[in-house]
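S.K.: attaching a predicted model along with its sequence, questions to come.
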Amino acid sequence: KAGVTQTPRYLIKTRGQQVTLSCSPISGHRSVSWYQQTPGQGLQFLFEYFSETQRNKGNFPGRFSGRQFSNSRSEMNVSTLELGDSALYLCASSLTTGGATEAFFGQGTRLTVV
Amino acid sequence: DAKTTQPPSMDCAEGRAANLPCNHSTISGNEYVYWYRQIHSQGPQYIIHGLKNNETNEMASLIITEDRKSSTLILPHATLRDTAVYYCIVRVGYQKVTFGTGTKLQVIP
């Protein structure tokens, strides 16, 4: 079956702009998590959605937001982009969020802010 | 802060077993131990997870100590394609997931 699909794969934006990234989870998976990966900070948790509800949020400013649709697809939005937002943004999906549930990651969206 | 501690790097000869340690001394009773690996900026790949008992799948074995304060991921016959950063994490339910810095495993021909 198809894996986690993230679009676009690469993106270049200018400071001050906003960006929307998309994640399509594995069919049947209802949980979607987002992560930011930078060389300096490593993999950092952004937020997790389950059945259209945000279940948890990492320590990121309010410029970072997300949502999940009824078909479990998710989007994340970053407004007023800063140079430091340049990163690989990863999405992971899992069947549920409880107990032992492995997460499957997409290939990520590499965002460059210039 | 990450709940796990891993050595920053390790080398392993091709064909030999790679044993990657992880300390998680503050793990709580219902938290699972998960292992993922990331090959050069690709998305992390799930390897294995466990709660108390040792686990084995087609990729690896996971040995968890009786007190659950540490674990070891074993790749039985390392190949060059196993060169990656390996992450050990602990989580349950809706917890924020914190990845540490991981262990960079270099498999040497």
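M.R.: All right, it came through fine. Because the structure is predicted, anything quoted here is derived from the model rather than measured.

S.K.: got a pLDDT number for residue A:97?
M.R.: Per-residue confidence (pLDDT) for residue A:97: 63.

S.K.: contacting residues for the residue nearest to residue A:83 when sequence neighbours are not counted?
M.R.: Nearest residue to residue A:83, sequence neighbours excluded (CB to CB, 6 or more residues apart in numbering or on different chains): residue A:113, at 5.3 Å. In short, each C-beta sits where N, CA and C put it, glycine included. Residues in contact with residue A:113 (CB atoms under 8 Å, 6 or more residues apart in numbering or on different chains) are A:12, A:13, A:14, A:15, A:81, A:82, A:83, A:84, A:85, A:86.

S.K.: who does the residue lying closest to residue B:51 once chain neighbours are set aside form a beta bridge with?
M.R.: Nearest residue to residue B:51, sequence neighbours excluded (CB to CB, 6+ apart): residue B:32, at 5.3 Å. Beta-bridge partners for residue B:32, by DSSP bridges, are residue B:91.

S.K.: which residues touch residue 46?
M.R.: If you meant another chain, say so; for now it's chain A. Taking CB under 8 Å, 6+ apart, we find residue A:46 in contact with A:33, A:34, A:35, A:36, A:57, A:58, A:60, A:64, A:66, A:76, A:89.

S.K.: chain B is the one I meant
M.R.: Residues near residue B:46 by CB under 8 Å, 6+ apart: A:102, A:103, A:104, A:105, B:34, B:35, B:36.

S.K.: can you redo the residues you listed as CSV with distance to residue B:28, secondary structure and neighbour count?
M.R.: As requested, those are arranged in CSV below (distance: CB to CB, whole Å; DSSP: H, G, I helix; E, B strand; the rest coil; neighbours: other CB atoms under 10 Å in any protein chain shown):
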residue, distance to residue B:28, secondary structure, neighbour count
A:102, 19, coil, 14
A:103, 20, coil, 27
A:104, 25, strand, 18
A:105, 25, strand, 22
B:34, 15, strand, 24
B:35, 18, strand, 25
B:36, 20, strand, 24
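
S.K.: make JSON lines out of these and add pLDDT.
M.R.: Shown next, in JSON lines, are the contacts of residue B:46 (pLDDT from 0 to 100):
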{"residue": "A:102", "pLDDT": "82"}
{"residue": "A:103", "pLDDT": "86"}
{"residue": "A:104", "pLDDT": "91"}
{"residue": "A:105", "pLDDT": "93"}
{"residue": "B:34", "pLDDT": "91"}
{"residue": "B:35", "pLDDT": "94"}
{"residue": "B:36", "pLDDT": "94"}
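
S.K.: model confidence score at the residue of chain B found nearest chain A, please.
M.R.: Chain A sits closest to residue B:43 of chain B, with a gap of 3.3 Å, by CB to the nearest CB. pLDDT, residue B:43: 92.

S.K.: can you pull the contacts of it?
M.R.: A:4, A:90, A:92, A:105, A:106, A:107, A:108.
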